[in-house]
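Asker: let's see this in three dimensions:
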Amino acid sequence: MNTFAKKVTCFVLSLTMLGSMAACAKSDKKSSDVVEAANGVMDALTALNSKKLEKTGEFSEDALRYVENMKDNQAVSAVMKKASYEVDGDSVKESKKKTSVKVTVTLPDYEAALDDADGAMDAFIDAVDDMGKNDTKEIDLTLEFKGEDDEFSLSNGDDVVSNLYEELESVYAIGIKSGDADPTGTETEPTETEPVATETTPAPTETTPEPTPTPSPTPTPAPADTSSDEYDVVIFQDDNVIIHFIKVDSEGIHFKVENLTTFEITIQANALAIDGISATDIIMSDKIAGGTTGDALAKCEIPFNQQIGTISGAIRIVDFDNNFKTYSADLDNVVIDANVTPEAPAATGTALFADENVKISFKEINNDGIVFEVENLTAVVMGLRIDSAAINGKNYKDLYYTGKDIAPHSMGLVLIKTDEVDPNEAVGTVSGQFEINTDPDSFDYYCAPFNTVVVDANVSVTPPAMEGTPILDDANVTVTYKSLSDKGVVVNIENKTDRDLIVQAESLSINMRGIYDVYLSLHTAPHSVCEVVAKGEIDATQQVGTIGGAFIIADDNERGFAYMYLLDNVVIDSSVSVSATPEGTMIYEDSNVRIYYTGTTEKGLSFDVENLTKYNITMQADKVKVNGGDASSVVMSDDVAPYGVSQIVLRCKWESTDPVTTFGCEFRIFSWDNGIETYKAPVAETQVG
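Answerer: Numbering: from 1, shown residues only. Below is the predicted model of the structure:
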């Protein structure tokens, strides 16, 4: 792969901020601050926002240009719109020179989508859009920070950018179109030719996808063969550009841009609204040569009248050569025609949430998902993401929002996609939670919850039944075991509260044998039920006698609310004989654990850990020695279920290519709920092979 500068070696709505809360509860303030800094990096990185990314740490100009060019690529953007990430608060490691934390990025299975698409970008984007969150690939990143107190700056920015995107070259290739920049910024110099007077906006190619239709609030859109009056109104001007509004038609919103600089710039749109109606399906990235005037088109579907009163939004002025930093032309009800008094859009749905910044209403369900009306009451572009949503008490797991932000003082219809919705279902109640951002220069979102709002009192609401054997039951949440599948443990979850709750499996064991790297982290809407899989490698044919492990229950709207619920090998079938015997060479023993070295795997150095306590134990490692030499790039933060045997894996690098014969390290052992005080378990160099 071509990478920026030189080859660098080794990611929505975040699905969850639970890593941050876990760190606050079980570690010191510095750990919490590092996790918060990591969330900032990952928010910007997965959003392909180089402007925000630059504020989080050290990046070369080439790396930032790389991110911007990736954002221009429609195939890459389709993948990243469905990206989520989890910051592992347990993995924070501190040394004299740096502090690091582990992050797992979950992407749609783009390789399968490439196979289905057979070279066609439209088909690729459709395949990605159709994927649920079980059709995924994971990428592990290590973020390194320098700094003190709450001021942490990413120090390995170029490595992180490269590691996240190095596998996406094939995706970039399918999305490339005439005029696209190489993502690395190292494209071949064009052959020198005489300039030709043409429009600067390239004609669409066969691989350019049309915007996904999104319903719009009133007024009704003009017919496809008409356009608004044509204007030539300057809506923004500075030393670099003069931007003119021209018209609106069935293609979208037309602008004319005067480039006052001597170098090429790119015009993009973050959010746009005409007469108070916000478009949430914008595609725009037009290049304007230095010292020229060119057309720019924000492709979107938006209702318009013959005469246009105002425009709002944010237009980004991008310079990939970094003569200046990317910035936004912010527009708040800029007047196009003073003789026009736009009719303020009115919500037609059921009110769910309102404060001084935003009003959110439920509109309808359709074949693609759930439609909300969102009104931005502020003078800035509003960012939003979905945490949870439930219809008639059924919590939807696979939610994703693929649209843009909401322009100032405007209303937009927001489509939250999900494969689980039944468009023919009569809607009685809605519950869930959005997160709202009103500061484009920060990563701070606040929660906008809505608790079981009645949409139609005539609809009889019967939430899904809780199937299976209860394994967790308290005042807030009930979890039942239902079955095993090839993908993991199938459970039912009921949120019994008036607020959105995160339910996360820290560890799970079947018949006292732990599931390595089990993953379940789910936002659940108020008073809702859902079926979900705790993913992990497992023998789905085995009979289940007991289930052990630990769940964390947390409220993202109240950072102090988080607790652990321990499963003490709950009996599912008493007729099944249950036992778990550790394997390998025992290298450490105390009153809490026995640790056995079991060998090397493709994942790293593998161990069996026998947990002798009723607590969930988290294990990390430092000062690792392999075959007498110091190991580097040490990464480990694994959980061991109560009263069971679990595999843990230590990822590291060592110089010797010989088989591992000796091993030593300093394990760090603790429990999230402080049932076991943090302590070090040193393992002297021991013969293991």
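Asker: for I315, grab phi and psi.
Answerer: phi -110, psi 120 (degrees, to the nearest 10).
Asker: grab the nearest non-local neighbour of it.
Answerer: Spatial nearest neighbour of I315, chain neighbours left out: A329 (4.4 Å); criterion: CB to CB, 6 or more residues apart in numbering. Bear in mind the C-beta positions are built from the backbone N, C-alpha and C, glycine included.
Asker: distance check, that neighbour against A75.
Answerer: 27 Å (CB to CB, to the nearest Å).
Asker: more neighbours: the two, which one.
Answerer: In this view A329 and A75 are compared by other CB atoms under 10 Å, and A75 has more residues nearby, 28 against 21.
Asker: Three-state assignment for the more buried one, please.
Answerer: With DSSP: H, G, I helix; E, B strand; the rest coil as the basis, A75 sits in helix.
Asker: quick check: pLDDT value at it.
Answerer: pLDDT recorded at A75 is 85.
Asker: give me the nearest residue to it, chain neighbours excluded.
Answerer: G175 (2.7 Å).
Asker: kindly check the end-to-end length of stretch 39-54 for me.
Answerer: 14 Å (CA to CA, to the nearest Å).
Asker: if you count neighbours, what's buried in that stretch?
Answerer: Neighbour counts over stretch 39-54 (16 or more other CB atoms under 10 Å) mark 39-54 as buried.
Asker: which one of those is nearest K102?
Answerer: M42 (11.7 Å; CB to CB).
Asker: any idea how far D330 is from the residue lying closest to D517 once chain neighbours are set aside?
Answerer: In space, and not counting its chain neighbours, D517 is closest to G536: 6.4 Å by CB to CB, 6+ apart. Between G536 and D330 the distance, using CB to CB, works out to 46 Å.
Asker: check the offset of the top strand by length along the chain from the chain's centre.
Answerer: Counting residues, the longest strand found in the chain (DSSP state E) is strand 136-148. Its chain's C-alpha centre and that of strand 136-148 lie 14 Å apart, by CA atoms, centre = their mean, to the nearest Å.
Asker: so what strands line up beside that strand?
Answerer: Using DSSP bridges, strand 136-148 pairs in its sheet with strand 99-108 (antiparallel), strand 151-154 (antiparallel).
Asker: looking at these, which one is packed in the most?
Answerer: Mean neighbour count (mean count of other CB atoms under 10 Å) peaks for strand 99-108 among those, with a mean of 22.
Asker: which SSE is immediately downstream of it?
Answerer: Later in the chain than strand 99-108, the nearest helix or strand by DSSP states H and E is helix 110-117.
Asker: next, the buried residues of that next one.
Answerer: By 16+ other CB under 10 Å, the buried positions in helix 110-117 come out as 110, 113-114, 116-117.
Asker: circling back to that earlier point, quickly find the element holding the residue nearest to I315.
Answerer: Per DSSP H and E: strand 327-335 holds A329.
Asker: now stretch 322-336: average pLDDT?
Answerer: 90.
Asker: end to end, how far does it reach?
Answerer: End to end - CA to CA - stretch 322-336 spans 32 Å.
Asker: from the buried residues of stretch 39-54, which is closest to K397?
Answerer: Distances from K397 to the buried residues of stretch 39-54, taken by CB to CB, are shortest for T46, at 19.3 Å.
Asker: give me phi/psi at that closest one?
Answerer: phi -70, psi -20.
Asker: over to G349?
Answerer: Torsion angles, degrees, to the nearest 10, at G349: phi -100, psi -160.
Asker: how close does it sit to T378?
Answerer: 21 Å.
Asker: returning to that earlier point: list the buried residues of the longest strand of the chain.
Answerer: Those would be 136, 139, 141-145, 147, for strand 136-148 by 16+ other CB under 10 Å.
Asker: just want the angle from it to helix 110-117.
Answerer: Here strand 136-148 runs at an angle of 140 degrees relative to helix 110-117 (axes from the mean of the first three to the mean of the last three CA atoms, to 10 degrees).
Asker: for the protein, what spans make up the helices?
Answerer: Along the chain, the segments classed as helices by DSSP state H run 18-26, 29-46, 50-54, 61-72, 74-80, 110-117, 121-130, 157-165, 169-175.
Asker: show me what the shortest one is packed up against.
Answerer: It stands for helix 50-54. With contacts taken as 3 or more CB pairs under 8 Å, 6 or more residues apart in numbering; DSSP states H and E, helix 50-54 sits against helix 29-46, helix 61-72.
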